[in-house]
Each structure stands twice: as structure tokens, then as C-alpha cells.
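> compute the structure for the input listed below.
(2 chains)
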2 protein chains.
Amino acid sequence: MVKVEIITIGDEILIGQIVDTNSAWMAEQLNIAGFEIAQITSVHDDADHILSSLDMALQRADIVLITGGIGPTKDDITKQTLCKYFDSKLIFDQSVLDNIERIFNHLLYRMNELTRSQAMVPDKCQVIQNKMGTAPITWFEKDGKVVVSMPGVPHEMKNAMTQDVIPRLEDKFQSAVIVHQNVLVHGYPESALALKIEDWENDLPPHIKLAYLPNGRVVKLRLTGVGDDVTVLRAAIDEKLESLKVLLGDAIVALDDVPLEKLVFDKLLATNKTLATAESCTGGNIAHVLTLLPGSSSVFNGSVVAYSNDVKMNVLGVDPQVLATHGAVSAEVVEQMAMSVRVLMNTDFAIAASGIAGPGGGTDDKPVGSVWISVSSSETVKSKLFNFTSTREQNIERTTQEALILLLEIM
Amino acid sequence: MVKVEIITIGDEILIGQIVDTNSAWMAEQLNIAGFEIAQITSVHDDADHILSSLDMALQRADIVLITGGIGPTKDDITKQTLCKYFDSKLIFDQSVLDNIERIFNHLLYRMNELTRSQAMVPDKCQVIQNKMGTAPITWFEKDGKVVVSMPGVPHEMKNAMTQDVIPRLEDKFQSAVIVHQNVLVHGYPESALALKIEDWENDLPPHIKLAYLPNGRVVKLRLTGVGDDVTVLRAAIDEKLESLKVLLGDAIVALDDVPLEKLVFDKLLATNKTLATAESCTGGNIAHVLTLLPGSSSVFNGSVVAYSNDVKMNVLGVDPQVLATHGAVSAEVVEQMAMSVRVLMNTDFAIAASGIAGPGGGTDDKPVGSVWISVSSSETVKSKLFNFTSTREQNIERTTQEALILLLEIM
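As a prediction, this is how the structure comes out:
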């Protein structure tokens, strides 16, 4: 596989002010495009350190992608440092200035000299216009290897990677055809899934690889076929997929790499149905993940976060007698919550969850991580007990995942 | 400053399956303890690559902290690789086996040979017991420099860093006393804040440094004093702090480095008050960040996520006439939401938010990012318009921050 290294430049990551989400995103996208990430390196805006990092990266890899350090202020030195490395000098580029003016006109900003300086680019590079910002993307080549410098601002970097950088890298370095097939599997821990599909996996032809990518309560299986004929590859993968479906049945949640909330959203939208939630231990997180999706208002009416028992009784009409007898974490209460919020918000489906997220509140009968989840529709109401044994945050996340899966099953 | 490098070992980060949150946390903690992070490096479980990364890191830094690759399975090779680097061999350590047995007894697991192999440790290291897991922490010294190998599991690493590794590194490398003072400032973008306090900053004595750490709608200022007498340092910082308070007044939200939701939680708890939220554009995120805090049930009763107008009218009793006249994103509607949910959930305070998170739904009058936030108490109701111009996710986060700040102001 063609090797890539990522270098991030700037202080924010090295003082722990921000988490390096850029590199994870880049690594995932490059991996899907058939490249191997050999190393990710974070360094300060320090010319000598940048130069030696770049030099070593080019010894190990064919492609080095650099993010950050290309703003107009004094502390940003990536452009000057690359000039030094490639023995290049800065020249004025009218197309970059045009792009900057286009963006500034849109934002109604007035340009100053600092911003204008971003139109100065190294003479030994190809310029790729930054469609989302003012700092241009620069592409250098040397001895068949490629170095690309990009902004560290996530949406600018992502746009440049998707629209320009990855397609150009594929053109230059990838002769093989790559076909992926994702399979989201629920109900098996990674090790149990590996045992379950052991024979099937051993039977994979050598040009089809399998990766296990666990994410909370779901394991993503990724089949990757490499060859030179897309039709042949697709057919080979489809054949294996059919036998996997027989093996795993309902445990397969989707054949696409999308979050569970997007699967729910798409299914609601396609069937013209609506959803509400009644949340105790998840504290609004199910509503939150759904409403992060643009357009969710067309399928999601709302939620009652019933954190106290008073709210469960007064807003959701849970029977005080039932609450006293069975406790807030029970099938009876969670079913009443699901049925009630569906009527209250006039939706086709409703989800309810009540449990002990921890770290306090556990008992012998109901230890931390005990969660009841219920889903109701106009025809049915179903509930299920889970025993997560994790941190508060993980218990909330896992409850959210299981609630969305239970809804998908009922839909 | 004493230099530290962090090396993370394993495939998960390099294929983009997980985001490297460990390094950010470690960098922040080390920075607070007075160390400088020179580089963060992520590499695969590849012995040669690990060896060369370690070798180069030790050329640049005094301390190298390694996470990951110390599980009991075959692909984890950090321990063997460190043996090679330090010319060491594996020996059995009874204290590690005792620790493993203690943990397994607690979890009611049965030990197998793989797990037992974790009691084999390099003979040329000091062992630090892992109180949260079975893989021991190993501490190597060579030519006055230190290499520590830790698990990659976040809560195991964090416990080891806080309890053992950072205190030992401070003992060995830090002779100076370090005093920090955090100041959370609201209402100024970073550049405007820098201008506002320019003279004050220029007047700082040379042994007190200032860092700007922006986080959404809040800028954290961190004063760091380095010297040899804690009383003298504290007095010097307090003096500067007093003049900063005069300069910034109400813009200072807190003198502590805690999230806004924790400030709200602490204040509610201290005054024995309760809170509810009525959320449209935030979709439950305010409830979510509050309920991530353990013990939040004692101050937070619940929320109505009123995503559709029907829910605003039917559950929160917003006047249909007012909704029709002013629209859902208006002072009138958001104030009705705040007052209504406070009564419905019988709380002392309530927050409400309604806005256009985007990317769709904007108009000329109310572009994407227009958000009304209201806070109500038994005595008053207050509302405020904001114009964020960001992505959907950021607009939701910023609304959450501003809503918590508005509540803090009213409390």
C-alpha cells in the first residue's frame, strides 16, 4: 500500500487545548481510498522541527499531508518553511487574490494587508484554491513524492481533501480498483463475532480483506476488495455478503456506514413517520443526536426529559402507584413513558429510557448500568432490560444506541 | 522548560477509527505541571518504527511517555520492543500478578495464561501498579532521561498519570514551584480581549506568563507563575488578578477551570435551587450537558424539547396567535417557553432557546444562526438575541454556552 504521513502544525494540540479530530478524519478517508497511514506527527510552529519532521516523513512515506500554520499572522510559518525545504520563493498569485476577494465580499469583510499576503505562494508548487477560506492549499512534488499543505480549520481541510487532494492522490498513486462494503452488526462483542464468522472469514479470497471496527454496541465489518475490475470485485464481495447475511440474520443492522440516528432518520423520512422521546437516564441525548442531523424537524417532534419522578408523573402521566411499586427503572414505568409521550407529541413512534447511569444510585437489585428501554407505536409497545457496566458517559451513549436499534427493529 | 514527547502505539488512531483524546488530555495535564510537549507521534505496532520513534524522541526530549500496545495479545509488542531498546529481559513479578488477581476477583473473571503473561516485566524498569487494569505501567531511566509505558485505555492511563506518573516526573525534573490561576472570560473574542487587557498584560512581571485558551464563547486566561516560594507567587498573582477584575468586571464568569454546566450545577446545588429547560434549536443539548454531570438529578428536573410548533403549543402552552405573529424564533415565544416549562416542571429557574441552527431554514430577516435565548425565575424573565454564523453543530454548542451564561448572570 502507498504510505502517507500526516503532520499537524501548531500549539493548540501540543498544549491540549484541542483534540486532534482532523487527523482521525483524514486517516479514515485516506484508509478508505486505499492508502496506509504510517505515522501522525504533531509539532509546534518551529521551523527546524518542521523541517526535520518533514524530512523524516518523506524517508518513510510517499505522501506527506500537512495541516495548520498557514494563517496570515506572524506565528504561522508553514509556508516560509516549505519554501526553504523546496528551495522556493514566494510569488504573487492573482487567482488566489481573486478567491480571497470572493470570500471577503461574501462575508462583507474588508481586506487588510495581512490577508492580502495570503496571495503570495511558493513558486515551486501547484496552487489549489481553498473554496472555504483565504489560505491557499499548496501541492509540492519531488522525486515522485508529494507534499500538500492545507489549513487546519476543519471544514476548510475537509472540503479540500474531499474535492481536490484525495482525487488527485488517487489519480497519481492508485492504479488498482478498490471496492468497500460496510456491514453494521449488532448484538455481538467483537471477539464473539470473530468466533461466529471464523469459517466464513477463513474462506475469504486473498484479494478481499476484512476489518473489525467496533463502536460501542455495534461492530462495523469492512470488506475491502482490491483488483483491476470493479464488476468482478463487486460480484465477489456480493457473494460473500450473501453468505454473511445467512450467517448473521437480524444481527445485521445496515449495509452502510452511517450512524444509527441517521438510519432512524432516513427510515422515518422514507415512510413519512414521526418520532418523540421520553428520556430519564439519557437526559436528552437521544433527542440531541437526532437533532444534530439537518432536517430532523421533519421527522422528530420533540422530547420530554423526565429526570425527576415528579416530571414523570405530572408531564408524562406515569401512574404514581406503578412508580411506587416498581420503581422508576422498570418495564412498567418505561412503557408508560413511551406510550404517553407518543400521544402527547402526536407521533407514530416513541422511545423511552430509564436507568441508573451512575456512578451513584445503584442498588443490589438494580446496579449502575441497569437500563430499561421501551419503544411504542400505535400498534405495540415493547421493552427490554440492559445491564451496561460502564462509566456514566458510556452508559448514556450505549443506552442511546440500543434505543435507536430497538426502534429500527420495531419499524 | 523540561521537554516531553508522547508516542501512541496502535492501529486505531492511524486508521481513523478513534480520535486521539488521550494525547490531548496528557498534554494539558503536563502543561499545567510545567512541562513542554515537543511532539506527539502516533505509530503502528511495528517494532522497527517504534524503536526509531523512541530513539528520535529521546534525542529531542527528556521524557517520553508511551501509551498503548501493552495488552496480552500477540499484536501488542510495546513491552518486547522496550526490552530490546533497553537491553532488558522479561522476568516474573509477583506484585503484578497480585494486582491482576485482585482486579479479576473483583470482576469475577477467571484468569487465563494470556492474562498471567502480563506479570512478566522487563528487568531494567521500575514497575508501577495499574490500579484500574491488568497491564502494568513500566518506568525506564537512561542517562538521566525517563521513558514510561502506559496502557492506552483512557481511564487506566488517566489514573496512572494523575496518581503516579506526573507526581514522579515533578519530583525528578521540577525544582521550581508553579502556581496557576484560571480566569474564564465571556463576551470578548480573543483578539478583542487581547486589546482590552494589553497594558495589563505588558505589566506582568517576567516570572508570570499569560496564555489565551479560547473555547467557543468563552476565553480561558491562564496565569502561570514560576518561582521558588509559593506564598510570594500567590501574592503576585493575586495582585494582578485584582486589577484584572477591575478591568473586566462582569465579563469574568469564573476563576476556576470548569465547564459552564458545572458552574451552573454548583451554584444551583449551593443555593438549593432547581432548573428545567425548554429547547427548540438546541434539541436537548442543554439537558444533555447538564445530565452528564453525576448527581445532576438533585438540581435538574427535566426538559421539554419542543422541536415542532405543535409541541410548543400543546405541551408548553405557547399562544398560537403569538407564534403566528412573531414566529418561533422570537423574544415573545422563547419567553413563553421559559415561563411555561418552569411552572410545568415546578423549578426555580428555566432556560429556553429557539433559533435557526441551519444549514436550512434561514430567511433574510432571520438568517441561519439567529437564536433567541430566555431565562426565567419566579421574579423575572429575560431574553436575548444572538447571531451565530456557524455550522449547525457549532450553533447548537454556542447556544448552549450562552444559555448557561445567561442563567449564571440572572442567578
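> which parts of the stretch 251-400 of chain A sit against chain B?
With CB under 8 Å from any CB of the partner chain as the criterion, the stretch 251-400 of chain A meets chain B at residues A:277, A:279, A:282-288, A:290-292, A:294-297, A:300-308, A:310-311, A:314-315, A:344-346, A:357-360, A:391-393, A:396. Any C-beta I mention is one placed from the backbone N, CA and C, and that applies to glycine too.
> filter the residues you listed down to the buried ones and hand me the ChimeraX line.
What follows is the ChimeraX syntax for the buried subset of these, where burial is set by 16 or more other CB atoms under 10 Å in any protein chain shown:
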select /A:277,279,282,283,284,285,286,287,288,290,291,292,296,297,300,301,302,303,304,305,306,307,308,311,314,315,344,345,357,358,391,392,396
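> can you spell out which helices and strands pack onto the helix or strand residue A:335 falls within?
With elements taken from DSSP states H and E, the one containing residue A:335 is helix A:331-344. Based on contacts counted as 3 or more CB pairs under 8 Å, 6 or more residues apart in numbering or on different chains; DSSP states H and E, the elements that helix A:331-344 packs against are strand A:275-279, strand A:300-306, helix A:320-326, strand A:349-355, strand A:370-376, strand A:381-387.
> CA atoms only for the third one, dumped as PDB, please.
Included here for helix A:320-326 are C-alpha records, laid out as PDB according to Å, rounded to 0.1, in the frame of the first residue of the first chain:
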ATOM      1  CA  PRO A 320     -47.700   7.200  41.000                       C
ATOM      2  CA  GLN A 321     -48.800   3.800  42.200                       C
ATOM      3  CA  VAL A 322     -46.800   2.000  39.500                       C
ATOM      4  CA  LEU A 323     -43.800   4.200  40.200                       C
ATOM      5  CA  ALA A 324     -44.000   3.400  43.900                       C
ATOM      6  CA  THR A 325     -44.400  -0.300  43.300                       C
ATOM      7  CA  HIS A 326     -42.000  -1.000  40.500                       C
END
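> in it, which residues are buried?
When burial is assessed from 16+ other CB under 10 Å, helix A:320-326 yields the following buried residues: A:322, A:323, A:326.
> that older thread, next one: the helix holding residue A:335 to chain centre, how far?
Between the centre of helix A:331-344 and the centre of its host chain there is 32 Å, according to CA atoms, centre = their mean, to the nearest Å.
> and the angle for it with strand A:370-376?
Our comparison of helix A:331-344 with strand A:370-376, counting by axes from the mean of the first three to the mean of the last three CA atoms, to 10 degrees, yields an angle of 40 degrees.
> which residues touch helix A:331-344?
Residues from elsewhere that reach helix A:331-344, judged by CB atoms under 8 Å, 6 or more residues apart in numbering or on different chains: A:276-278, A:280, A:303-304, A:306, A:312, A:315-319, A:322-323, A:325-327, A:347-354, A:372-378, A:381, A:383, A:385, B:314-315.
> hmm, try it at 6 Å
Outside of helix A:331-344, the residues that reach it under the criterion CB atoms under 6 Å, 6 or more residues apart in numbering or on different chains are A:276, A:278, A:304, A:316-318, A:322-323, A:326, A:350, A:352, A:354, A:372, A:374, A:376, A:381, A:383.
> only the buried residues of that helix, if you could.
Residues A:331-342, A:344 are the ones in helix A:331-344 that count as buried (16+ other CB under 10 Å).
> what's the most distant pair in these?
Greatest spatial distance among the buried residues of helix A:331-344 (CB to CB): A:331 and A:344, at 20.1 Å.
> return the alpha-carbon coordinates of the lowest-mean-pLDDT helix or strand in chain A using PDB.
Least confident helix or strand, chain A: helix A:113-116 with a mean of 74, by mean pLDDT, DSSP states H and E. Once side chains and other backbone atoms are set aside, the C-alpha atoms of helix A:113-116 remain, and they are given as PDB (Å, rounded to 0.1, in the frame of the first residue of the first chain):
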ATOM      1  CA  GLU A 113      -2.600  43.800   4.100                       C
ATOM      2  CA  LEU A 114      -2.200  40.700   6.300                       C
ATOM      3  CA  THR A 115      -5.000  38.900   4.300                       C
ATOM      4  CA  ARG A 116      -3.600  40.100   1.000                       C
END
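> how about it: buried residues?
Residues of helix A:113-116 classed as buried under the neighbour-count rule (16+ other CB under 10 Å) are A:115, A:116.
> ok now it, how far from the chain's centre?
From the chain centre to the centre of helix A:113-116 is a distance of 35 Å (CA atoms, centre = their mean).
> which residues does the helix or strand just after that helix contact?
From helix A:113-116 onward toward the C-terminus, using DSSP H and E, the following helix or strand is strand A:120-122. When contacts are defined by CB under 6 Å, 6+ apart, strand A:120-122 is touched by residues A:83, A:88, A:90, A:92, A:93, A:127, A:136.
> ok, now with 10 Å
Residues external to strand A:120-122 that are found in contact with it (CB atoms under 10 Å, 6 or more residues apart in numbering or on different chains): A:79-80, A:82-93, A:95-97, A:127, A:136-138, A:140, A:149.
> okay then, goodbye and thanks.
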